[in-house]
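> fold the stuff below for me.
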Amino acid sequence: MTLPALDTLLLPLCRQAGAAIMEVYATDFDARAKDDASPVTEADLAADRIIVAALSAAFPDIAIVTEERAASHEGERPERFFLIDPLDGTKEFVKRGGDFTVNIALIDKGVPMRGYVYAPAMDRMFWTADDGKAMVQDGIEPAREIRVAEPDNTALRVVASKSHRNAETEAYISNYQVADFKSAGSSLKFCLVATGEADLYPRLGPTMEWDTGAGDAVLRAAGGQVDRMEGGPLLYGKSDLYNPHFVAYADGVELK
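Numbering: from 1, shown residues only. Predicted structure coming up:
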């Protein structure tokens, strides 16, 4: 099944959602706790409204699953659907950190085929282009193709979560020879591996499909992989939308 062309719509759409997020960011906004105790702000909801309206109008036959609409989480998942996290990294947003992103992915038969990740505070956009390449654009600089780096397994560069690092993650990282360690929030961790700024991102904590779909797609297009800890690629469209533990890495990393 042919995938739709998305760049013309989704690149400006991510920026529009990002602008709405930054408008809230500049105010004395409030955060409330959702049923799962995670925070939500008016920025999450404003970005969600913008994205869902545009995708529904442009692609009325493609289902939408978005974090901020519980009704979209119910029922059997179709083979193809948009997967949205309108503001990934809300905890960083509330802390006034810059590591938060707009995330839109297109899932096809369990695989994240297309992904758009925009960090509005950094004005940094990552995406899988209509031609299948992984791309980045920093501010007003020209867009450029990105590829994972060739890793040195005696001196790996590891990136892990700012807000969700735990003892299990530390134990896993201790299996490797690490030369450099970075902390990053949201889906930016996938993107740092995709650009060659890191080699390995392990996640041994809870995530949902919308947290990972867009960044996963970017990394795969850049030559990386995202595997479940028990083996095999991370898959999408599960009934409960929960991810198992996983590791994202550049091709050539010798997994332990």
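> tell me where this protein has helices.
7-25, 42-58, 90-94, 167-173, 188-194, 209-221 (DSSP state H).
> beta-bridge partners for the residue nearest to Ala217 when sequence neighbours are not counted, please?
Spatial nearest neighbour of Ala217, excluding adjacent residues (CB to CB, 6 or more residues apart in numbering): Gly115 at 2.9 Å. The C-beta positions use only the backbone N, C-alpha and C, and glycine is treated the same way. Note on Gly115: beta-bridge partners Ala105, judged by DSSP bridges.
> count of neighbours near Gly115?
31 (other CB atoms under 10 Å).
> next one: Gly232
Counted with other CB under 10 Å, Gly232 comes out at 9.
> next up, phi/psi of it, please.
Main-chain dihedrals, Gly232, degrees, to the nearest 10: phi 90, psi 160.
> show me what contacts it?
If you count contacts by CB atoms under 8 Å, 6 or more residues apart in numbering, Gly232 has none.
> and the end-to-end length of stretch 220-234?
11 Å (CA to CA, to the nearest Å).
> swap that for stretch 81-101, sorry
Start-to-end span of stretch 81-101 (CA to CA) is 20 Å.
> how many neighbours does Asp61 have?
Asp61: 7 surrounding residues under other CB under 10 Å.
> so how far is Phe82 from it?
According to CB to CB, to the nearest Å, Asp61 and Phe82 sit 11 Å apart.
> find me the pLDDT at Lys162, would you?
Looking at Lys162, its pLDDT reads 65.
> lowest-pLDDT helix or strand in this structure?
strand 31-33 (a mean of 80; mean pLDDT, DSSP states H and E).
> distance of the closest residue in space to Gly237 that isn't next to it in sequence relative to Leu83?
Excluding the flanking residues, the one nearest Gly237 by CB to CB, 6+ apart is Arg77, at 4.0 Å. Applying CB to CB, the value for Arg77 to Leu83 is 10 Å.
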